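In: only geometry, no sequence info:
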């Protein structure tokens, strides 16, 4: 009887704890009227690197401090925001962010479905908030990924946002399978998973946007490096060429599919081809004429030497990798609206003119996220202009998340090391067999 009572008490405590820390928190009623506009709107996409408790690259990633910074200095500046890596698992940080946004007039939000410990799963970390009414919202979840991504049930969000009674906008955000490359050998398994996720995202857009004629914006951390890298190419040289995986990404999201996946190029049909087509364009690349760095950037010191632009949040093996992995893709469809003057911004603490010197001096991070660049854009059509502008934990958090992440993470790392060694061996064998490339699809 004593054992039964103890078990019942433990079960009740566990369920109560899950109800408090895993279920969505209640929100206050809106106090600011819904926004409507026929002049301008500001849109932001940002990976805030707010991972579950206990997960960090370095000694601390200052989750709570960065969250306060985002709420104080980022939220007030925008109208529609798409966050990636805003995880809700075993933490109330995401709820604090949504609550503060509600107080500032973001009366609508869509988020990744939440998961409980017994599912051995973490939510996808996506959050979309809007000052404008969201007339329709949808979510999808991808099949589990690989490596550490097996734990996070990634997916995509959709919101049909009403800017005014006569104009609406489809907004999609996603965060796809991460890359677990070793020695710059592209991990084919990760790439194939991402392509399948892009195909599911395209089907999701077909189901929700269809042929209603409203423009479409797709944005987020797509984990595909669009830049090209090679021996003899300085990291200071902008990448005007597009990587092979980036071209495949665009083909899948457009619905045209990928041709010639094998070295011989003898495929008669395109893989991931879809009957519904969407003429997506990369507004950032079209503006700059090259793929600007959005992760692993560099800066130059007074003597002209290069150094990492961010070291507090970025993992050591990703410093100065000058990657372009964040996207803002636009399809105006039949509307007269055009994107003009897009730009890439750094959210650097030292450049924040609204921050007093006392707070700046006690701020331990240099950017709000390891993915520290954001994409912004403006659009113009007829007589209207719409501007679109685009990551200390507590002891209990570590104890909760330790079992659900670190034990499995160790297994992933061991398996990844074995897979990487196999990949290198296979690459060596293909080179010996005189193959032109050690990286192809079957």
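Out: In hand now; what should we look at? Computed from a prediction, not measured in an experiment: that's the story for all the values here.
In: quick check: the gap between residue 136 and residue 54.
Out: 36 Å (C-beta to C-beta, to the nearest Å). The way it works is simple: take the backbone N, C-alpha and C, and place the C-beta from them, glycine included.
In: my read is residue 299 is in a helix, agree?
Out: No - for residue 299, which was evaluated using DSSP: H, G, I helix; E, B strand; the rest coil, the result is strand, with no helix membership.
In: what is it paired to in the beta sheet?
Out: Under DSSP bridges, the beta-bridge partners of residue 299 are residue 307.
In: touching, it and residue 311? I think so.
Out: No - Residue 299 lies out of contact with residue 311 (C-beta atoms under 8 Å); the separation is 10.8 Å.
In: in stretch 187-201, which residues are buried?
Out: The neighbour-count check on stretch 187-201 (16 or more other C-beta atoms under 10 Å) flags 187-191, 193-201 as buried.
In: tell me which residue is most central in the protein.
Out: Computing the C-alpha centroid of the chain and ranking residues by C-alpha atoms, centre = their mean puts residue 221 first, at 3.0 Å.
In: now it: how far from residue 295?
Out: 9 Å.
In: between residue 136 and residue 54, tell me which one has more neighbours.
Out: Higher neighbour count among residue 136 and residue 54: residue 54, with 19 against 13, using other C-beta atoms under 10 Å.
In: so what does residue 189 have for phi and psi?
Out: phi -60, psi -40 (degrees, to the nearest 10).
In: give me the nearest residue to it, chain neighbours excluded.
Out: Of all residues not flanking residue 189 in the chain, residue 146 sits nearest, at 5.9 Å (C-beta to C-beta, 6 or more residues apart in numbering).
In: got a list of what the one you found touches?
Out: 177, 180, 189, 190, 193 (C-beta atoms under 8 Å, 6 or more residues apart in numbering).
In: the first one: what's it in contact with?
Out: Neighbour list for residue 177: 145, 146, 149, 154, 190, 193, 194, 197, 223 [criterion: C-beta under 8 Å, 6+ apart].
In: now stretch 55-75: average pLDDT?
Out: What stretch 55-75 shows for mean pLDDT is 90.
In: just the helices in the stretch 1-150 of the chain please.
Out: 2-21, 63-69, 93-103 (DSSP state H, counting those that start in this stretch).
In: which one of these has the lowest average pLDDT?
Out: Looking at the helices of the stretch 1-150 of the chain, the bottom one is helix 2-21 with a mean of 64.
In: and residue 25, what does it touch?
Out: The contact partners of residue 25, taken as C-beta under 8 Å, 6+ apart, are 92, 95, 98, 99.
In: and residue 69, by the same measure?
Out: Taking C-beta under 8 Å, 6+ apart, one finds 349, 363, 368 in contact with residue 69.
In: mind putting the residues you listed into a markdown table with distance to residue 168 and neighbour count?
Out: As requested, the contacts of residue 69 are exported to a markdown table (distance: C-beta to C-beta, whole Å; neighbours: other C-beta atoms under 10 Å):
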| residue | distance to residue 168 | neighbour count |
| --- | --- | --- |
| 349 | 36 | 17 |
| 363 | 39 | 17 |
| 368 | 30 | 28 |
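In: pLDDT weak spots in the stretch 301-442 of the chain?
Out: 340, 370-442 (pLDDT under 70).
In: what's the closest non-adjacent residue to residue 77?
Out: Of all residues not flanking residue 77 in the chain, residue 42 sits nearest, at 6.7 Å (C-beta to C-beta, 6+ apart).
In: where exactly do the helices run in the stretch 151-300 of the chain?
Out: Going by DSSP H, counting those that start in this stretch, the stretch 151-300 of the chain shows helices at 188-208, 244-254, 283-288.
In: could you dump those to a markdown table with distance to residue 108?
Out: Below are those laid out as a markdown table (distance: least, C-beta to C-beta, whole Å):
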| stretch | distance to residue 108 |
| --- | --- |
| helix 188-208 | 16 |
| helix 244-254 | 25 |
| helix 283-288 | 24 |
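In: output the below-cut-off pLDDT ranges for the stretch 151-300 of the chain.
Out: Ranges of the stretch 151-300 of the chain meeting pLDDT under 70: 181-185, 260-269.
In: at 90 instead, please
Out: Within the stretch 151-300 of the chain, the ranges that satisfy pLDDT under 90 run 179-189, 211, 229-234, 259-270.
In: the strands in it, which residues?
Out: Using DSSP state E, counting those that start in this stretch, the strands found in the stretch 151-300 of the chain span residues 155-164, 167-175, 216-221, 281-282, 298-300.
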